[in-house]
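Undergrad: Predicted model, plus sequence, below.
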Amino acid sequence: MKRERTLIENAAVLPETVAQKLRADIIAQRDAPGSAITESAVALRFGVARPTARIAIDRLVADGILRREAHRAARVPELSYDDVLDLFDTRSIVETAAMGALAEAGAIPAEALAAHRALTATDDFAHHDIQFHRALVAGQPSTRLTRLHELLMGEVELCIGQVQSAHLITAHEVAEQHQGILDAITAGDAASAERLTRDHILGARDRLLTHLDTSN
């Protein structure tokens, strides 16, 4: 009975592990935008069975990290200039509202502080930046706002990966901007928290849009 329970637990954990590793490869641009992600290739890369690879791919499709049309392999999305503009503008609206709500309470989630500390200790900031923003939004009181944010975050992760890969901003700059947001929240200054969040998001947007414009 114990062995059967262990097998069931392992079967549940393994696809999640594969999904996490594949997600990291995509965010780091090791799988470039437009790349096909097939079950057979994922199974071979991670040494797992194809059903496990399929579950992992399905999870990333659900999260917006991959896209898949009917009867075709999943692909890493290629976000256009207009996609990025719309995505970051919408993200700015959601996160600005979330930071204002947090500042009114004057409390910062422990997970956000942990992500901020981790970010200051590395140049590989994309993962910690994503965790920081997720934790802050999840820490405000509206579950609906959190759900809206999660709908955006898959594509946001792809953009943050591009920002890091193209060296459009440094980890030090990101950490400084995050610290300003945290200070405003702690001080209960909702207006400053909202303004700094908006500047942080739209500043990254503008750098990425300039990069996309000059690359095409």
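TA: Sure thing, it's come through.
Undergrad: How about the contacts made by the residue most central in space within the chain?
TA: In the chain, the residue lying closest to the centroid (CA atoms, centre = their mean) is Glu157, at 3.3 Å. Applying CB atoms under 8 Å, 6 or more residues apart in numbering to Glu157 gives the contacts Arg23, Ile27, Ile65, Ala126, Ile130. C-betas here are computed from N, CA, C, even on glycine.
Undergrad: closest to Arg91 among the residues you listed?
TA: Nearest to Arg91 out of the contacts of Glu157 is Ile130 (CB to CB; 11.8 Å).
Undergrad: Roughly how far does Gln131 sit from Thr52?
TA: Gln131 is 25 Å from Thr52, where distance means CB to CB, to the nearest Å.
Undergrad: Let me know whether Ile108 touches Gly139 as I believe.
TA: Yes: contact status for Ile108 versus Gly139: in contact at 7.2 Å, counting by CB atoms under 8 Å.
Undergrad: what residues are shared contacts of the two?
TA: In contact with both Ile108 and Gly139: Leu102, using CB under 8 Å, 6+ apart.
Undergrad: Next one: the closest residue to Gly64 other than its chain neighbours, what pLDDT does it get?
TA: Leaving out its chain neighbours, the residue that sits closest to Gly64 by CB to CB, 6 or more residues apart in numbering is Gly154, at 2.5 Å. For Gly154, the pLDDT comes out at 92.
Undergrad: ok, Gly154 to Arg67 distance?
TA: Applying CB to CB to Gly154 and Arg67 gives a distance of 10 Å.
Undergrad: which one of those two has more residues nearby?
TA: Comparing Gly154 with Arg67 by other CB atoms under 10 Å, the one with more neighbours is Gly154, at 19 against 16.
Undergrad: Just the buried residues of the host helix or strand of that one, please?
TA: Taking DSSP states H and E as the criterion, Gly154 maps to helix 143-165. Of all the residues in helix 143-165, those buried under the rule 16 or more other CB atoms under 10 Å are 145-146, 148-149, 152-164.
Undergrad: Quick one: low-confidence residue ranges for this structure.
TA: In the predicted model of the chain, residues 1-13, 216 satisfy pLDDT under 70.
Undergrad: Could you pull up phi and psi at Glu78?
TA: Here is the backbone geometry of Glu78 (degrees, to the nearest 10): phi -100, psi 100.
Undergrad: list the contacts for the residue nearest to it when sequence neighbours are not counted?
TA: The spatial neighbour of Glu78 that comes closest, neighbours along the chain excluded (CB to CB, 6+ apart), is Pro33 at 4.3 Å. Counting by CB under 8 Å, 6+ apart, Pro33 makes contact with Val76, Pro77, Glu78, Leu79, Leu158, Gln162.
Undergrad: Thr52 now?
TA: Contact analysis of Thr52 by CB under 8 Å, 6+ apart lists Leu14, Pro15, Val18, Ala43.
Undergrad: likewise His133?
TA: Contacts of His133 by CB under 8 Å, 6+ apart are Glu95, Met153, Val156.
Undergrad: separation between the last one and Ala114?
TA: Looking back up the chat, that one is Val156. Counting by CB to CB - Val156 and Ala114 are separated by 20 Å.
Undergrad: What of the second one?
TA: Met153 is 18 Å from Ala114, where distance means CB to CB.
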